[in-house]
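S.K.: Give me coordinates for this.
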Amino acid sequence: MKNQATLLSENHNAKENTLFLAMELSRKKWKLGFNDGKQMRARIRTIAARDFQGLQREIEQAKAHYGLSASARTLSCYEAGREGFWVHRALAEKAIDNVIVDAASIDIKRRKRAKTDRIDAESLAGKLVRYHGGEVSVWSVVRVPSLEAEAARQIHRDIGVLQRERQQHRVRIQSLLFTQGIDVAVTPKLLRDLAEIRCWNGERLPAELQERIRREYARLRAVEQDLFVLRKQQNTRLKNEPTAAMEKIRLLQQLCGIAMKSSWVFVMELFGWRQFRNRREVASALGLTPMPYQSGDSARDQGISRAGNRRVRAMAIEIAWSWLRYQPQSQLSQWYQQRFGGGGPRIRRIGIVAMARRLMIDLWRYVESGILPPGARMKTSVSR
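M.R.: Okay, the predicted model is just below:
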């Protein structure tokens with residue numbers, strides 16, 4: 001085995017022929033910060049957004065500026081944002097080793113400070129040098145899904161958007177009617193009897209208001225139709241596709257308390273493509289890790305980190321409540337009842353977060369190793 005001195009020497013030699021590139025992305029321009037790992041200040045350049053030919057020219061000029069060979073390795077980074085992962089994949093095609101950085105994980109000065117794209121690019125370049133020098137805790141790196149895993153997220157995310165839109169249309173119709181003293185449910189019968197509905201004073205609804213409600217209801221119907229089509233696609237894929245992800249969804253749905261919506265989110269957002277080495281990584285990916293605060297004699301709990309996948313975190317907490325109802329004899333439900341069941345509403349809400357963390361760890365072990373959560377009931381056993 002190589003000793004530590006040999007490894008440090010190899011890292012130093014690799015660093016001697018490496019160009020570090022930090023990218024500050026925006027809609028119209030990209031700010032580039034170059035460093036060779038030896039300088040205090042970065043070389044700052046600006047190119048038009050999405051101009052990869054200009055990026056290649058700047059990389060070549062930066063190598064010449066720092067006296068690096070044309071074959072020198074280029075390491076880059078940029079903060080996660082609305083660009084998503086396409087820039088990362090484009091850089092990878094050009095043999096540039098890139099990392100996407102979670103912006104919230106970067107330490108900043110708490111005093112008032114100047115902030116410009118130039119300053120940000122220079123700061124990122126310095127942190128990139130430190131990161132590849134061994135300071136991996138300088139920031140958190142975003143995991144990049146495959147193209148297939150990213151595409152698989154679209155159905156349930158679209159369903160979530162449509163469900164919110166459906167609620168907005170319903171509330172808007174109810175609000176329009178409530179301004180006239182009418183409190184009714186939004187159903188197909190409402191549209192059919194709209195001309196016969198009377199206001200607070202016995203008058204019919206104004207024609208303009210009726211037309212607006214009909215237009216709003218037409219948008220509601222379009223959303224409901226889209227939801228029907230997407231849910232049908234989910235069922236068809238689950239029935240016909242023999243992929244590993246679909247098998248994990250089917251496996252989760254065998255547990256009482258877990259159905260299509262939750263199992264699909266858990267697998268497509270997390271279990272279908274992420275690889276975890278231990279339970280701590282699972283909890284961290286959800287943002288359900290506790291954040292204690294200790295300073296001298298002061299010690300308090302700051303709650304959970306909320307740094308992980310918000311969709312899975314919200315669904316995990318929702319399913320934890322469902323687990324208490326449909327899996328009352330499970331070891332996890334009994335643990336919750338013994339520790340938090342006798343407390344007030346606030347204590348129970350705190351406890352359900354802890355339970356959600358434990359439940360997701362149990363579900364991870366279940367889909368990866370087939371280890372059934374202790375005391376859990378299967379749906380197939382109920383029908384026997």
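
S.K.: going forward, measure contacts between C-alpha atoms and count neighbours the same way
M.R.: OK.

S.K.: Leaving out chain neighbours, which residue sits closest to the residue most central in space within the chain?
M.R.: Nearest to the mean C-alpha position of the chain, counting by C-alpha atoms, centre = their mean, stands residue 309 at 3.6 Å. Nearest residue to residue 309, sequence neighbours excluded (C-alpha to C-alpha, 6 or more residues apart in numbering): residue 286, at 5.2 Å.

S.K.: my guess is that neighbour contacts residue 312, does it?
M.R.: Yes. With contact defined as C-alpha atoms under 8 Å, residue 286 counts as touching residue 312 (6.5 Å).

S.K.: Please report the distance of the closest residue to residue 180 other than its chain neighbours from residue 177.
M.R.: Spatial nearest neighbour of residue 180, excluding adjacent residues (C-alpha to C-alpha, 6+ apart): residue 199 at 5.4 Å. Counting by C-alpha to C-alpha, to the nearest Å, the separation of residue 199 from residue 177 is 8 Å.

S.K.: now swap in residue 159 and tell me
M.R.: 27 Å.

S.K.: who touches the residue nearest to the centre of the chain in this structure?
M.R.: Applying C-alpha atoms under 8 Å, 6 or more residues apart in numbering to residue 309 gives the contacts 269, 285-287.

S.K.: Okay, now the unreliable bits of the protein?
M.R.: For the chain, the stretches with pLDDT under 70 are 1-16, 110, 381-384.

S.K.: Scan it for its longest helix.
M.R.: In the chain, taking DSSP state H as the definition, the longest helix is helix 207-240.

S.K.: Next secondary structure after it?
M.R.: As assigned by DSSP states H and E, the chain's next helix or strand after helix 207-240 is helix 244-252.

S.K.: Quick one: residues in contact with the following helix or strand past that following helix.
M.R.: Stepping forward along the backbone from helix 244-252, the first helix or strand reached (DSSP H and E) is helix 260-266. Applying C-alpha under 8 Å, 6+ apart, the contact partners of helix 260-266 are 156, 249, 252-253, 272, 311-312, 315, 319.

S.K.: Look at residue 221 and say how many residues are nearby.
M.R.: If you count neighbours by other C-alpha atoms under 10 Å, residue 221 ends up with 15.

S.K.: ok, back up a step: any idea how far residue 31 is from the residue nearest to the centre of the chain?
M.R.: Counting by C-alpha to C-alpha, the gap from residue 309 to residue 31 is 29 Å.

S.K.: One more: residue 200?
M.R.: Distance from residue 200 to residue 31, counting by C-alpha to C-alpha: 61 Å.

S.K.: Domains in this structure, by residue range?
M.R.: Domain ranges of the chain: 4-144, 150-240, 246-382, per automatic domain parsing.

S.K.: Tell me which stretches of the stretch 101-250 of the chain form strands.
M.R.: Taking DSSP state E, counting those that start in this stretch as the criterion, the stretch 101-250 of the chain contains no strands.

S.K.: And the longest helix of the chain, how far out from the chain middle?
M.R.: Taking C-alpha atoms, centre = their mean, to the nearest Å, one finds helix 207-240 lying 26 Å from the centre of the chain it belongs to.

S.K.: Give the buried residues for that helix.
M.R.: Buried residues in helix 207-240, counted by 16 or more other C-alpha atoms under 10 Å: 210, 213-214, 216-217, 219-220, 223-224, 227, 230-231, 238.

S.K.: swap in stretch 129-137?
M.R.: residue 129.

S.K.: May I have the distance across stretch 335-343, first residue to last?
M.R.: Taking C-alpha to C-alpha, stretch 335-343 runs 13 Å from one end to the other.

S.K.: mind listing what residue 244 touches?
M.R.: Residues near residue 244 by C-alpha under 8 Å, 6+ apart: residue 272.

S.K.: For it, give its distance to residue 354.
M.R.: Counting by C-alpha to C-alpha - residue 244 and residue 354 are separated by 29 Å.

S.K.: thinking again about what came up before, so between residue 200 and residue 31, which is more surrounded?
M.R.: A side-by-side neighbour count of residue 200 and residue 31, using other C-alpha under 10 Å, places residue 31 first with 21 against 13.
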